[in-house]
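> sequence unavailable; structure follows:
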């Protein structure tokens, strides 16, 4: 039964002091931390009233008795709240006069700052201008680069997670090694040594959250303002953005059927960014001859080579060449791999393998950037590799993706209008399709209207005159049925 | 039964060509990816032999028949391997003559580069000089700042993890929102609004991996080379390192019993870094008057205020003051909180709450730094908060930590030598203990010999003349018994 007495009281009071009690009551009754004590809720009500301007400096507060009636709490509670607030300096008690608001709060500005007045640093403005590099959160056709997560052995992963929590429990909750969980570093060193010929031990492996973090750390630690970086043209936007935001000067270097084609007229680089296994986005492999020439240049000029080996696991025709790192005898190559494509993107684990003398710099920088990677995820991944599930999973996914690549290629060649030319590749998770000059925007718009996402290729070129129109169709996350259905829609597109 | 025939064959061959087959056999038998096909293993053996220099340019390779005998595999396998290697450019077949190593590999340098020749960028050198900021991986007495993970509700956490994987499964494996998982951002906005008076909605919350990442992003986005930053003196090393590595000029500002004490002679700052709830490391709270004065200065000078509210949850005597952010009417405060202390460090989740106009810059920068935070951990944390477990856990831990603070304080006052002066605080996870001038190094060494870690206070001062000797004793992760035992050991220390 409602307590009419108290309600009447409140009504009476609100007639005498017309607005305030209602404001306080509303603030007091706001849904929130139901766990807070009544005293805490009274304190927070009065603070809010003062900060919002409902109570202003010099204004007299209701007596603890009146406030208790307003808020339907005991007087002991309101007195405790007033005592608490006084220690915080909000109200001041004047003997014989009552309690008054002691602090002055500026009224909220009528209009907030607009974006034009953003007080960003120069570097902040550069970063904002890059627009960043956002990965597709939905694996819709043909968003690029996501593994097929429906085929991920989630049950097994859950079991390993439970097992790790059982075996290592509390240890995995603690702060971790900035360089990475040792069993994972050992598993990674074993894996890349075996499958990619990478020449390293666990001491050279730095576990990071993503390739992007590796590129950011590399840009920070190895590049000064104005340093020259060679980029593949077209090339990976995430790398370009990291180097640009570090103030580097980028030199686009053309790609032919043997990969990056350096030209003796190009300025000597401080750093070369490469995707040698499958060039991003075309899938071309860098030839052995070019690899050796680049390594020799790096030795001669003391340049760094970043080998981004992001999807070498997915090579479909014959064996991939071993990593360039395996041919480096002078400590110029930094090797980069990720679990985002081989396991799942939200795992947030990647690895950078650096020459021994760079380990300390990268570990230290990591402590200033974000500390370390989550230990539980590292422990589960290490177990997944050591128990052989990783090799088995990759073998299975490689077959799956190969069949999807073949299927998409057939579909594109048979059913897409003649003006779309596929560029098949030996590996990778997406297919480059070239379009007539100047048509990408129009055709992409048509595709979008038909409900198909077709990531553009032209934005991956740095030089406007080199720009070629095209699409980069991600097929890995799609079943043959989904591929056919999406190509069917695209087949309705007409050339402008 | 062993196949004597083949073994004999191998022995014979090894007598004719004394070294190479043994080298190849050793390489071939190296433990590794047992899952690799025989052909892959033969390829990798020959590649390794070439890269290691065991086989050099122009050298004739064994015939496929001989190699098959050496490695005890079928001739079909060695022929397939040779064909594969030829496509990679390693060997060259000359009709009628045999197969020869076609590439020249530089011999490994006798001595690797030494650290003195490190080719780091200027920023890289600055970062390396800071020595980074490493958190204690072992919660030994009195390593600072770790929550008591033995009291963490691991079983409940496991259940929520399993539940999230069951309910959201594959969705949580995908790429996530760079700004953070929406349900977690909503839970955070609700929590900080209720308990800290923070004035925000989920759209202003950026989920990050750690406070350190927040400080790094802030330094990058808001500070230009030479920009002035006010730092508490003494103050938090992680913040100092982030701002220093961004090229900022730091002004130490003294602390008294009301917190940071600005002086009109100080240069106007572009940014002020504050720990208002409990100053790190002394635990002093910033007074309301000073808060309002700093907010007014920020309004007038268009400065940023970073409110690092890292352990406000652990306030033991009365209520903590609401966050400064709740008093900011001009969008100058960036509010920073972490789950490292309230849940567990290896969760890798923290939050930054920014004025609406900064959201886009921070989200974009996040995509260039490390993409996003792991979705599963965010989903579990959101559930943990929404189901009320978080509030309950904090209430429980607050009581636990309060009793430990009281216990440590009693122990220190009763049993530590008279020259050690504790500075009790209303909150926090560690106790500052001041030592006689010039004695910190010596006393810390003695403590270490007694098996007790005593993090020093003097390194937290920027100005040599302001430096005070002392220890920062972390008590939160220790039981009363562990605290007594460690203080007992420290009691044996003698002043130099």
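Alright, I've got the coordinates. All figures in this text were calculated on a predicted structure; none of them were measured in a lab.
> ok, residue A:390 touching residue A:190?
No - counting by CB atoms under 8 Å, residue A:390 stays clear of residue A:190, with 10.6 Å between them. C-betas here are computed from N, CA, C, even on glycine.
> the more surrounded of those two?
residue A:390 (22 against 17; other CB atoms under 10 Å in any protein chain shown).
> OK, contacts around that one?
For residue A:390, the contact set (CB atoms under 8 Å, 6 or more residues apart in numbering or on different chains) comprises A:191, A:342-343, A:384.
> how about it, secondary structure?
Reduced to three states with DSSP: H, G, I helix; E, B strand; the rest coil, the structure at residue A:390 is helix.
> got a pLDDT number for it?
What the model reports for residue A:390 is a pLDDT of 96.
> quickly run through the sheet partners of the helix or strand harbouring residue A:273, with directions.
Element membership for residue A:273 (DSSP states H and E) is strand A:271-274. The strands beside strand A:271-274 in its sheet (DSSP bridges) come out as strand A:228-233 (parallel), strand A:304-308 (parallel).
> where do the strands sit along the stretch 301-450 of chain A?
A:304-308, A:333-338, A:350-353, A:421-423, A:430-434 (DSSP state E, counting those that start in this stretch).
> partners of the longest one, with directions?
Pointing back at strand A:333-338 there. By DSSP bridges, strand A:333-338 pairs with strand A:304-308 (parallel), strand A:350-353 (antiparallel).
> and the first one, how far out from the chain middle?
In this case it means strand A:304-308. 21 Å (CA atoms, centre = their mean, to the nearest Å).
> could you do stretch A:484-496 as well?
For stretch A:484-496 - counting by CA atoms, centre = their mean - the centre lies 32 Å from the chain centre.
> show me which positions of it end up buried.
A:484, A:486-487, A:489-490, A:493 (16 or more other CB atoms under 10 Å in any protein chain shown).
> could you check the pLDDT of residue A:420?
Turning to residue A:420, the model gives it a pLDDT of 92.
> give me the spatial nearest neighbour of it, chain neighbours excluded.
Nearest residue to residue A:420, sequence neighbours excluded (CB to CB, 6 or more residues apart in numbering or on different chains): residue A:433, at 5.1 Å.
> wait, what's in contact with that neighbour?
A:412, A:416, A:420-423, A:470-473.
> chain B contacts on the stretch 351-496 of chain A?
Counting by CB under 8 Å from any CB of the partner chain, the stretch 351-496 of chain A comes close to chain B at A:355-358, A:360-361, A:363-377, A:388, A:391-392, A:395.
> hmm, 7 Å instead?
The stretch 351-496 of chain A comes close to chain B at residues A:356-357, A:361, A:364-365, A:367-371, A:373-377, A:388, A:391-392, A:395, as judged by CB under 7 Å from any CB of the partner chain.
> buried only: go through those residues for me.
A:357, A:361, A:364-365, A:367-371, A:373-377, A:391.
> any idea which element the closest residue to residue A:360 other than its chain neighbours lies in?
Distance criterion CB to CB, 6+ apart; nearest residue to residue A:360, sequence neighbours excluded, is residue B:128 at 7.2 Å. Here residue B:128, judged by DSSP H and E, is contained in helix B:122-130.
> in the strand or helix carrying residue A:160, which residues are buried?
Following DSSP H and E, the helix or strand that holds residue A:160 is helix A:154-167. Buried residues in helix A:154-167, counted by 16+ other CB under 10 Å: A:154, A:157-158, A:160-161, A:164-165.
> by how many degrees do that helix and helix B:154-167 diverge?
170 degrees (axes from the mean of the first three to the mean of the last three CA atoms, to 10 degrees).
> now helix A:154-167: average pLDDT?
pLDDT averaged over helix A:154-167 gives 93.
> tell me which residues are up against that helix.
A:172, A:376, A:379-380, A:383-384, A:389, B:154, B:158, B:161-162, B:165, B:169 (CB atoms under 7 Å, 6 or more residues apart in numbering or on different chains).
> same thing but at 6 Å, please
A:379-380, A:383, B:158, B:165 (CB atoms under 6 Å, 6 or more residues apart in numbering or on different chains).
> tell me which of these is nearest to residue A:460?
residue A:380 (34.2 Å; CB to CB).
> pLDDT score for the closest one?
For residue A:380, pLDDT reads 97.
> so how far is residue B:470 from it?
Residue A:380 is 41 Å from residue B:470, where distance means CB to CB, to the nearest Å.
> cool, and residue A:244?
45 Å.
> can you check residue A:180 too?
34 Å.
> residue A:371 now?
25 Å.
> deepest of the strands paired with strand A:333-338, which one?
Of the strands paired with strand A:333-338, the one with the most neighbours on average (mean count of other CB atoms under 10 Å in any protein chain shown) is strand A:350-353, at a mean of 26.
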